[in-house]
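Q: I'd like to go over a predicted model; first the sequence, then the structure.
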Amino acid sequence: CPCAGPALPTNRSMAAATATTTTTVAGSMVATGGDWYLGVDLSTQQMKAMVIDDNLNVIHETNVKFDDDLPEFGTQNGVHVQSDKITVTTPVLLWVKAMDLLLDRLKAANLDLSKLKSLSGSGQQHGSVYWKEGASQTLKNMPADHSLHKILQSSFSVTDSPIWMDSSTTEECRQLEKCVGGPQKLADITGSRAYERFTGNQIAKITKKNPDKYKKTERISLVSSFTASLFLGNYAAIDYSDGSGMNLMDIRAHEWSQQCLDACAPDLKGKLGVPLPSHSILGSISPYFVKRFGFNSECKVIAFTGDNPASLAGMRLQQGDIAISLGTSDTVFLWIQDPKPTLQGHVFCNPVDSDAYMALICFKNGSVTRERIRDERASSSWDEFAKALKATSPGNNGNIGFYFDVMEITPAAIGVHRFNDRNLKVSNFSDETEIRAVIESQMLAKRSYAEKLGYKVLKDTRVLATGGASSNPHILQVLADVFNAPVYTIDTTNSACLGSAYRAKHGLEAASGQSFANSVKMAASPKLAVKPNCEAEKIYCPILARYQELEKVVWCSS
């Protein structure tokens, strides 16, 4: 096995060997390749754009911050929280006006937008947009001397779009699960049990509470396909990957589940359109953007996807990889071939390989819990924390802890629970044991839930770490040991937007059989941080089994 030791520098690709030109962008000299690609990300609080060249250099970035740049809509953090505190929406015209402003800023940067060969994008997952009858004709005939905001101001049957933060559809969730045979059956079909934020349940609520608005709806888009529709000048298809986050799509058949559609709303299939592979070329850009902003008329629009799938593309995950964001909450991204949906986590179609899948698992108790233990047991010092980790051996002499300061998602449990090497509950650990216990338990949970969803640690598995704690090599060493795989660190700043730009390039090349990995091979490689200890697998395999059994005890007592 690859023994632990100092990380070796990784080689960057030979991008410099490709012929480049030099251009002035926003006042600075940048070496660029011939063709350019645009990535756009419509997230909760802002809309971003990123232009890259053939060598995957970032040429330009810009953004529109909703609260600051569009104060007339009165949003806070990009949303409106209604009086019930659980209904959360965003005005759809805010997003349209943000697009106007974003493109104005791209044009003002003196970018030659005619060099853009293709574009793609991403949107916050689960949110939905409701196009009014006749909106398709409006999209197809947009006059270039008017703003998008003015052209489309009467094109939506629902003016405030429900978004991922909404949790007002519990009744609809239970009804959907009942109609298909229970939460596990729904997860088997769609990749997830029913969640309040998922689009099918939001559509069901609108159908029930506002039947007239639903009846007047010609097309329902996700936030991602809505943005693509603006660029296309026509209704854009929902892609397989973002469509997996709706509780409506059969993730294995890559088509809408009629059973789920019927449970949510009448005549829904026609309003959603036919889903397409995430690398699909939807068509050429609308003449509106050619005339108003100088795009090339041959610029292709590649299917847009969700922000989490686009982040997987931005991090350039490959088969066998796992990406772990160590932040306020910890998030795990998985590339899997044989998914096994459970009641925890989500399985989506893979955005860069239609024959594969991705999974997403969130853990609420992340850095805040790590920092609490640091403050209580290591005098608020990461140096002292590191010394404690080094002073204890992998496996922590059989001691296992569970640290759920707030109600955890996976599993649904709360409180601090400590067990000794005989699986007996104890009231306290020494400082050093407690410090190792919190880190080991968090990493064991990630491997446990990843494997439940069908993930397998392979010989060439890489763990890609990001987030605040990824700068701590001692925490990363525990991560490497638990997964028995080397850990690499990556910069994921604006990963969804970057992933969208990568996908724009790949979409053109996929038709000829080019893999996504080959399309982006010139991007900078992740940096090797740590390797697992040689005895890691022998130590942690039995501990993982014990952890899973003890977690059942904790869950039952919470």
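A: Sure, I can see it.
Q: In stretch 250-257, which residues are buried?
A: D250, I251, W256, S257 (16 or more other Cβ atoms under 10 Å). In short, each C-beta sits where N, CA and C put it, glycine included.
Q: first vs last residue of it, how far apart are they?
A: Using Cα to Cα, to the nearest Å, one end of stretch 250-257 lies 5 Å from the other.
Q: Name the surrounding residues that touch that stretch.
A: With contact meaning Cβ atoms under 8 Å, 6 or more residues apart in numbering, stretch 250-257 is reached by 180, 189-191, 240, 244, 248-249, 268-269, 272, 274-275, 277, 339, 347-349, 354, 357.
Q: Tell me where the stretch 1-150 of the chain has strands.
A: Remark: strands assigned in the stretch 1-150 of the chain by DSSP state E, counting those that start in this stretch are 21-25, 28-32, 36-42, 46-53, 58-65, 80-81, 88-91, 116-123, 128-132.
Q: Mind checking those strands for the one nearest to D375?
A: Counting by Cβ to Cβ, D375 lies closest to strand 80-81 out of the strands of the stretch 1-150 of the chain; the figure is 31.6 Å.
Q: what's that closest one in contact with?
A: G74, T87, V88, T89, T90, P91, D160, M165.
Q: For Q202, see how far away C264 is.
A: C264 sits 9 Å away from Q202, going by Cβ to Cβ, to the nearest Å.
Q: if you average pLDDT over stretch 274-290, what comes out?
A: In this model, stretch 274-290 has an average pLDDT of 98.
Q: do stretch 258-266 as well
A: The predicted model assigns stretch 258-266 a mean pLDDT of 98.
Q: So which bits of it are buried?
A: Q259, C260, L261, A263, C264, A265.
Q: Give me the contacts around that stretch.
A: 172, 175-176, 179-180, 186, 189-190, 200-201, 203-204, 207, 214, 247-249, 268-269, 271-272.
Q: and if we set it to 7 Å?
A: The contact list for stretch 258-266 (Cβ atoms under 7 Å, 6 or more residues apart in numbering) reads 175-176, 179-180, 189-190, 200, 203-204, 207, 214, 247-248, 268-269.
Q: and what of stretch 386-394?
A: By Cβ under 7 Å, 6+ apart, stretch 386-394 touches A378, D431, E432, T433, I435, R436, I439, H474, D481, N533, A536, I539.
Q: repeat that with 8 Å
A: Counting by Cβ under 8 Å, 6+ apart, 377-378, 431-433, 435-436, 439, 472, 474-475, 477-478, 481, 533, 535-536, 539-540 sit against stretch 386-394.
Q: got the CA coordinates for it in CSV?
A: The C-alpha atoms that make up stretch 386-394 are tabulated as CSV, following Å, rounded to 0.1, in the frame of the first residue of the first chain:
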residue,chain,number,x,y,z
ALA,A,386,-2.5,18.7,16.1
LYS,A,387,-0.1,17.5,18.9
ALA,A,388,-3.0,15.6,20.4
LEU,A,389,-3.8,13.8,17.1
LYS,A,390,-0.1,12.9,16.7
ALA,A,391,0.1,11.7,20.3
THR,A,392,-2.7,9.1,19.8
SER,A,393,-2.6,6.1,17.5
PRO,A,394,-4.9,5.4,14.5
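Q: Give the rounded mean pLDDT of it.
A: The model assigns stretch 386-394 a mean pLDDT of 96.
Q: now it, how far from the centre of its chain.
A: 33 Å (Cα atoms, centre = their mean, to the nearest Å).
Q: same thing with stretch 398-417?
A: The answer for stretch 398-417 is 25 Å, by Cα atoms, centre = their mean.
Q: Then stretch 71-90?
A: Chain-centre distance of stretch 71-90: 22 Å, with Cα atoms, centre = their mean.
Q: H417: what's it in contact with?
A: Shown in contact with H417 (Cβ under 8 Å, 6+ apart): G401, F402, K425, L550, V553, V554, S557.
Q: circling back: hey, what's in contact with both of C264 and Q202?
A: Common contact partners of C264 and Q202 (Cβ under 8 Å, 6+ apart): E172.
Q: How about the backbone phi and psi for Y235?
A: Phi and psi for Y235, reported as degrees, to the nearest 10, are phi -70, psi 130.
Q: quick one: it and S221 touch, right?
A: Yes: counting by Cβ atoms under 8 Å, S221 is a contact partner of Y235 at 7.1 Å.
Q: Looking at these two, which one has more neighbours?
A: The neighbour count for Y235 versus S221, taken as other Cβ atoms under 10 Å, is higher for S221 (28 against 21).
Q: how close does the residue lying closest to the more buried one once chain neighbours are set aside sit to A388?
A: The shortest distance from S221 to any non-neighbouring residue, by Cβ to Cβ, 6 or more residues apart in numbering, is to V129 (4.5 Å). Shown here: V129 relative to A388, a distance of 51 Å by Cβ to Cβ.
Q: do the same with G306
A: 40 Å.
Q: H149: neighbouring residues, count only.
A: By other Cβ under 10 Å, 17 other residues sit near H149.
Q: hang on, it packs against W95?
A: No: when contacts are counted by Cβ under 8 Å, H149 is not listed as touching W95 (9.7 Å).
Q: Could you give the average pLDDT over stretch 175-191?
A: 98.
Q: any chance you could map the strands in the stretch 451-558 of the chain?
A: Secondary structure of the stretch 451-558 of the chain (DSSP E, counting those that start in this stretch): strands at 463-466, 487-489, 527-530.
Q: repeat for the stretch 151-300 of the chain
A: Secondary structure of the stretch 151-300 of the chain (DSSP E, counting those that start in this stretch): strands at 156-158, 160-162, 217-222, 249-250, 255-256, 281-284, 300-302.
Q: Now render the ones you listed as CSV, adding distance to L334.
A: Shown next, in CSV, are the strands of the stretch 151-300 of the chain (distance: least, Cβ to Cβ, whole Å):
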stretch, distance to L334
strand 156-158, 34
strand 160-162, 27
strand 217-222, 22
strand 249-250, 19
strand 255-256, 23
strand 281-284, 28
strand 300-302, 24
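Q: closest to V520 out of those strands?
A: Nearest to V520 among the strands of the stretch 151-300 of the chain is strand 300-302; the distance by Cβ to Cβ comes to 13.9 Å.
Q: Count residues in the vicinity of I539, would you?
A: So I539, with other Cβ under 10 Å, has 17 neighbours.
Q: Isn't it up against D481?
A: Yes: with contact defined as Cβ under 8 Å, I539 reaches D481; the gap is 7.4 Å.
Q: got a pLDDT number for T22?
A: Predicted confidence (pLDDT) for T22: 38.
Q: let me fix that: A31
A: 48.
Q: can you count the residues close to the nearest residue to F156 once chain neighbours are set aside?
A: What sits nearest to F156 in space, not counting adjacent residues and going by Cβ to Cβ, 6+ apart, is V92, at 5.1 Å. The tally of other residues near V92 (other Cβ under 10 Å) stands at 23.
Q: likewise L544?
A: L544 has 16 neighbours, counted by other Cβ under 10 Å.
Q: Contacts only, for it.
A: L544 sits next to L444, R447, S448, V482 when contact means Cβ under 8 Å, 6+ apart.
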